[in-house]
Each structure stands twice: as structure tokens, then as C-alpha cells.
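# just need the structure, nothing else, for what follows:
(2 chains)
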2 protein chains.
Amino acid sequence: MTAPVVGIVGAGQLARMTSQAAISLAVVTRVLARDPSDPACLTCTTFEIGDPGEFETLESFSRGCDVVTFDHEQVDPALVDELEALGRQVHPSGRVLRFSDKAHQRAEFAARGIPVPEFVIATTAAEVVSFGDVHGWPVVAKVAVGGYDGRGVFVLDGPDQAETLMGRLEARRVVVEPMLAIEAEISVVVARRTSGACVSYPVVETRQVDGICVETITPASIDPEVADRATALARRVAESIGATGILAVELFVTDDGLVVNELAPRPHNSGHWTIEGAVTSQFENHLRGVLDWPLGDTSLVAPAVATVNVLGTNSHDPIQHLPAALAVEGARVHLYAKAVREGRKLGHVTATGPEPEVALRRARAAVEALGVPLTPPSKALTSKNGVLS
Amino acid sequence: MTAPVVGIVGAGQLARMTSQAAISLAVVTRVLARDPSDPACLTCTTFEIGDPGEFETLESFSRGCDVVTFDHEQVDPALVDELEALGRQVHPSGRVLRFSDKAHQRAEFAARGIPVPEFVIATTAAEVVSFGDVHGWPVVAKVAVGGYDGRGVFVLDGPDQAETLMGRLEARRVVVEPMLAIEAEISVVVARRTSGACVSYPVVETRQVDGICVETITPASIDPEVADRATALARRVAESIGATGILAVELFVTDDGLVVNELAPRPHNSGHWTIEGAVTSQFENHLRGVLDWPLGDTSLVAPAVATVNVLGTNSHDPIQHLPAALAVEGARVHLYAKAVREGRKLGHVTATGPEPEVALRRARAAVEALGVPLTPPSKALTSKNGVLS
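Prediction:
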């Protein structure tokens, strides 16, 4: 064996942190970027500029890669199927990438007995209204494809808003579900080898504002028995869909039990804490999984680990205040070298502590030192940026 | 402030791991390499090929760097002085780099009251013989410039060997010292800002074979009071010479107390454990120090941390057995992507544990899984590869 070459489609912060992890293992990373200023271009071994929507680009990129993997899900699974048909190793596979389509995911999970919220897949206002009339208003509508970080999620108060939304979406599919009373949003990050062995990280509590993850706390402050069930459920999902590398399974803890909310078939924001907080990071375990190498220890290295995201403001680039953030004891700052834009994820801060509140206080202090105002996270599922006005 | 550019002269594994640490802080790394296949060329932001022995090369390389630092000490301090005279920020400075000359180091330390072994600086056999006749044979002779990893260190049994060595060295300066009875070899890694603030890591015990560090254990299994004195001494050395960034101070624990053996004015093999074993790694603290940013927490994250070096054998490239090494629980493998050569440092493995022996057992198991035979380290100062035959 010589040093393996892992191709990563997409050059955002996930590819950036994956290429950072690759250095220790002498794994060569080759990134397919949109622009040379993308975050991973300066950290990977080599990069190419191209459109992952074109089969020719993907095909030529994948030549010379031992494995191709992804920074994002904006790749047509049918193109991935074609690559696989040529004998290229692609992980996750086209079959797994199809689960990024929320409608496909819901329908499949319901069919496999995996608990999900009540739902309907709708393309017309009438279908949405019918669901709302049965399950009660408001309802939540999520576009099946293309939403992220709260975009494409809409709280609908009644039939009028349903009409407006569905008119705008022009027959795009949405998943409609009740406005659930959520006790906690949690995530289980699973790593799975292509040959099937699987490990999982301790359950993470994620705190969202307007659909964007702003903070995580590990371990989640939930009943250990609920945590065990969530872990078992996430691993069952990973097995069931044939995930390879990292799969993040986001769940809601509700009065009626656990339901699967969303999947990310790649390293995920809810796993950034693992860089300093676990023996093996999600990024290293993603590489190990897609290369079918033994998976690393997922244990916590401290009693509690918190991360706080660094979200862009229009006022300044947080790097201007980096020294002040580094002065915060025990805070580990990560900046993604992205151009500043309001609300954009520009970095994160991780801190460990003897208990969650101490870790969180340290991480928040460093984010504030970067000049980024903290957004008090709400535990309720609201999606302000998606509310129709 | 925009992302700072740190220039690193030399592209070995130290530059490689420094550039890996730079990614988190969005620091841009620019490396001056000998060859595009050097370990850091694939991990830094950009690299240039050039000879650091030529002033024009250094001068042009340093343009556009906010700070210039080093992967090795094979740079003429006089050229660094010239760069500084042009107003370039170079850390460590030419003044500090002069301490890589063992003769200069010994003479200066003796003058400053820093404890060192008895010594003489010799250029002739007569001077060596005179020292041996007073202090007893055998003596140890170390070339003042150019030795590393046991090269350039010679155990001399008597006047005949002194004649042979000094004849070969053709008036090169050597530091001659008694063959000390050493209880332990330890290292204190200090980080210092250009503005003077200083932190230090817990004392490391280093185990050497033929002058090459093969294993480290942190914290060192020495009397805590000795550890405190070693730490104070190392910090005094750092202040005294005006070190910036990382300075590794290697010391001998002898019956007569502590003596300073050697310095490395840069990240050092005895600090590799800090990547997983300390809150902030030596590589990140080197960057922080040379950029005059607040230094990070140097605490251990586990009760004990061990590293074992991966030394080259002629039989195979250890990467062939990487999956087997990754299967060893808790072992963190680092490979430097270097061409294999007998005895060459190709990587290291770090493991944490509840006590030193557990950590060491894990790290050794992973190194053995890489197909690298473990060399039982000796605690006695012998330098087999340097013995004259």
C-alpha cells in the first residue's frame, strides 16, 4: 500500500477539517472546488476547479482517487451511480446520498419502521391544508431538496400561508409535519466502515436558532436510557441505509419518544467537538470509514465538551479579534478562512470542562471575544427566517 | 488584521505538523523547501524551492511573510541577522539560533551560571587528551555544529581514539565532557511570546537509543521537586537567551543535580505528545509565540501520555501496515510521508492512559503493528553509532 488518495467533492469547512485530519495518516486529499478561495483549497494536498453537477467533471476527478467522498450533498445521486458503475469507489454511495432528499428519507424510514414524525409529502397547497386540518395548525413544511441551516423550512399558521408557500415553490416537494413539542434536539454521529463495522460517538445536544446549530453540548443532558435508545436507533439507521464514513443522525426527543428528524451522510457540525473532545475526531473516522480501515476510539477525553459556532456579522471579520479569543483559557478556536457574510458559519470554538456549563461558558467567552454576539438559543422549533410574511 | 502569513524555513515533519496546526487558526503557512517531496510541501499553504544558505533566497522568501520561523537550525545565523536588519520579523532570532552551536551554548551557559556538565571546547587532540586525563576516560566528544539524532557524538576510550577523531574532524570544534552517570534524560518544552510571556509543558522523560529519541513519557517519573527545578531552569534559559516560539531544553538528571544538555529553538520530538496529550499543542503554541499571540493552556488532558517514534527499516514502508496500527485501541498514529531510510524518523505514535506504562504499551503496540521492531531504550548515555572502530 502507498498513501491512499481520497477525493472530496466540495471544498467547504468539512473538506478543510477532513484534509487537516488526513495529514496525520499521510492520506493524500484531492478536492473538487468551485473556487480557489474555498476553505479547503489551501489545506488539501491538491485541488481542481469544476462543477460537480457535470458527469465528465466527476468522472475525470475520480480517476486516480482511491475513494471519492463528499463535503456536501449537492451532487446528483444518479451521477454517483454512474461513477460506481464504472467501478469507482464512492462513499457514501448514490443510494445513501438519496437520503438527503427529505421526502425519500421520510418515506423510506416510515416503511422500515424507523420512528419519524407524522408527515405527508406534498406538492400542492391542498395536500398541505388537508394535513393541517387533520393534525392541527401550525404545521412545518420543509423543502425535500436544497434546504440547509434553516433555509427551506417554513412554519405555516394556516391554509392561506400554505397557499402562498406552495404557489412560490411551484410544485417542488415538501415534507409537512406537525409543529412538535420538542424537549431536546440531539444528534448521534456514527462512523461505519465500507465492510460494515460501526462505532458511534456519545449523544450530542444541539441548540438551534432559526434552524442553524449555534451550540452543542456533549454528553447531552438527557436520560441515559433515552441516550442509549437514540444511539441504537442511529446505528440502526446507518446499517439500514448502508452508510459509509460518518453519518450524523439528528433526532427530536419528544413526549412521545424519539423521532429521526434529519440525516447528514458526512462529517457534521454536531461532531466538530470530536476534534479536541474525543480520542478520534469525526474527520479521521470519516477517512478511516471510507477507506475501510479500523475505526478509532470515540470516547470523550473530558467530562463535558461544548462547541459554539462563529456566525458572521456584517461588522467585521472575526480573525481581527483572534488574539483576544486565544486569551480565553481552554478555548480551542477554529476559523474556516471564509469570506464574511451575515449569518454564515465562519468557525467554531470548542472547550472542555468538568461539567457542561463550564465548557459552554469558556467556548461562549471566546466567541464573544471574536466580536460575535451570542444568540440565545431557543429550544423550541421555530424557523423565523422561514416564516412567511 | 487579515490572516497572517508565517514563513517556515525547512519542510520536514516539524513544518508539516506546524502547518497542520495553522489550519485551525486560519494562519497561512509558506514553506522554503529543498524538494517538492519534502513532508511539509503537501500540507502547507504554499511552498518555494530554494537553498536557505543563500541570502537572496531567504530575503525573497521572507518578503510577504509576517514572521519567518524555522523547521531546522541549518541556517547561518549571520544571514538571519541580515534579514532582521532589513526589519523582517524572524523568530527565533539570529542571536537565539547561535545557541544551536554547542560550543557557543556551553560557553554562554557557563558564563551565565546555568548548570552544564564539566566541559572543554577543543579543536586539537591534545586538548581532548588533557581533559580526559583530568576528568577520567572515557569522555564524550560532540561536534559543535551539524550533529543531530546521535550523529556527531563520539565516546572516546582514551588518547588514541582522541587522536583518530580529531584527525578526522580536521580542526572542527568539539565540546568534550565526562561520561556522566545519568539517572534520567528529560526535556522541558517552553513557549515564549516575542513580547516575553512564557509558558511551559509538564516535564517529559525521553528515552534514547544511540542518541536518537525513541520514546517519551509525560509526566516524567522523577521527583516532583526535581521536575519543578527543571521547569524553572528551562524557563530561565528561555528568558536568558530571548527564545521566541518553542524552545525545547534537554536536561540530564544526575547524582550531582540537573545539567542542561542541549537546546532546540523550535518544536521538538520531545513535544510531539502535546498534539493529543495537551490542551494546546507545541505546534500551535509555536505559532502563537512567534506571532506574539496569547499562549495556550499546556496542561495534560490525561494522567499519562507516551510517544514512540517510528524509525525506518530497510524492509518496508510502515504505511503498508497502517490499518493494523489503527486497530490498536487508543493509539494515535502520525506518519510524515517521508521516503523510507534505515533509522530515519518516519512518524510517531501517541497514546494516553491512566498511567505511563499503559500509555506506553498502547503506543508500542501500534509501532510494532507498523512492522517496526522496537529498540529497547537504554538509560545510559552511549552513542554506539558514534563509537570509533
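# would you mind measuring from the residue nearest in space to the middle of chain A to residue A:336?
With distances taken as C-alpha atoms, centre = their mean, residue A:268 lies nearest the centre of chain A, 3.6 Å away. Here the criterion is C-beta to C-beta, to the nearest Å. By it, residue A:268 lies 15 Å from residue A:336. Where you see a C-beta, it was placed from the backbone N, CA and C, and this is true even at glycine.
# now residue A:163
For residue A:163, the distance to residue A:336 - C-beta to C-beta - is 40 Å.
# ok, those two, which is more surrounded?
residue A:336 (22 against 16; other C-beta atoms under 10 Å in any protein chain shown).
# pLDDT score assigned to the nearest residue to the more buried one once chain neighbours are set aside?
Leaving aside its chain neighbours, residue A:336 sits nearest to residue A:13 (4.0 Å; criterion: C-beta to C-beta, 6 or more residues apart in numbering or on different chains). pLDDT for residue A:13: 98.
# quick one: contacts for residue A:13?
A:39, A:40, A:336, A:338, A:345 (C-beta atoms under 8 Å, 6 or more residues apart in numbering or on different chains).
# next, give me the two most distant ones among those.
A:40 and A:345 (14.2 Å; C-beta to C-beta).
# does residue A:91 touch residue A:244 like I think?
Yes. Contact criterion C-beta atoms under 8 Å: residue A:91 and residue A:244 qualify, at 3.9 Å.
# overlap of the contact sets of those two?
A:194, A:289, A:290.
# any chance of a ChimeraX selection covering the buried ones in those residues?
Applying 16 or more other C-beta atoms under 10 Å in any protein chain shown to these, the buried members can be selected in ChimeraX as follows:
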select /A:194,289,290
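# got the shared contacts of residue A:91 and residue A:244 as JSON lines, with pLDDT and distance to chain B columns?
Formatted as JSON lines, the shared contacts of residue A:91 and residue A:244 follow (pLDDT from 0 to 100; distance: C-beta to the nearest C-beta, whole Å):
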{"residue": "A:194", "pLDDT": "98", "distance to chain B": "13"}
{"residue": "A:289", "pLDDT": "98", "distance to chain B": "11"}
{"residue": "A:290", "pLDDT": "98", "distance to chain B": "13"}
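# show me where the stretch 51-200 of chain A has helices.
A:55-62, A:77-85, A:94-97, A:102-112, A:125-135, A:159-169 (DSSP state H, counting those that start in this stretch).
# what residues sit buried inside the second one?
What that stands for is helix A:77-85. Buried residues in helix A:77-85 (16+ other C-beta under 10 Å): A:77, A:79, A:80, A:82, A:83, A:84.
# cool, and the third one?
By neighbour count with 16+ other C-beta under 10 Å, helix A:94-97 contains the buried residues A:94, A:96, A:97.
# need the contact list for the closest residue to residue A:351 other than its chain neighbours.
The spatially closest residue to residue A:351, leaving aside those adjacent along the chain, is residue A:362, at 3.6 Å (C-beta to C-beta, 6+ apart). Residues in contact with residue A:362, defined by C-beta under 8 Å, 6+ apart, are A:306, A:328, A:329, A:330, A:331, A:351, A:353.
# quick check: PyMOL command selecting the buried ones in those residues.
Here is the PyMOL command that selects the buried residues among the contacts of residue A:362 (16+ other C-beta under 10 Å):
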select buried, chain A and resi 306+328+330+331+351+353
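# and the gap between residue A:236 and chain B?
25 Å (C-beta to the nearest C-beta, to the nearest Å).
# and that residue, how many neighbours?
16.
# three-state assignment of it?
helix (DSSP: H, G, I helix; E, B strand; the rest coil).
# flag the shaky bits of the stretch 1-150 of chain A, pLDDT-wise.
A:1 (pLDDT under 70).
# residue numbers of it in contact with chain B?
Within the stretch 1-150 of chain A, the positions near chain B by C-beta under 8 Å from any C-beta of the partner chain are A:1-3, A:16-17, A:19-20, A:23-26, A:28, A:42-43, A:45.
# what is the most widely separated pair among the residues you listed?
A:1 and A:42 (27.7 Å).
# quick one, helices of the stretch 251-389 of chain A?
A:274-277, A:282-290, A:322-326, A:356-369.
# next, format those helices as a markdown table and append distance to residue A:313.
Shown next, in a markdown table, are the helices of the stretch 251-389 of chain A (distance: least, C-beta to C-beta, whole Å):
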| stretch | distance to residue A:313 |
| --- | --- |
| helix A:274-277 | 24 |
| helix A:282-290 | 27 |
| helix A:322-326 | 15 |
| helix A:356-369 | 11 |
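# tell me the most buried of those?
helix A:282-290 (a mean of 29; mean count of other C-beta atoms under 10 Å in any protein chain shown).
# how about the residue of the stretch 1-150 of chain A found nearest chain B: what's its closest non-neighbour residue?
The nearest approach of the stretch 1-150 of chain A to chain B comes at residue A:26, 3.9 Å away (C-beta to the nearest C-beta). Spatial nearest neighbour of residue A:26, excluding adjacent residues (C-beta to C-beta, 6+ apart): residue B:335 at 3.9 Å.
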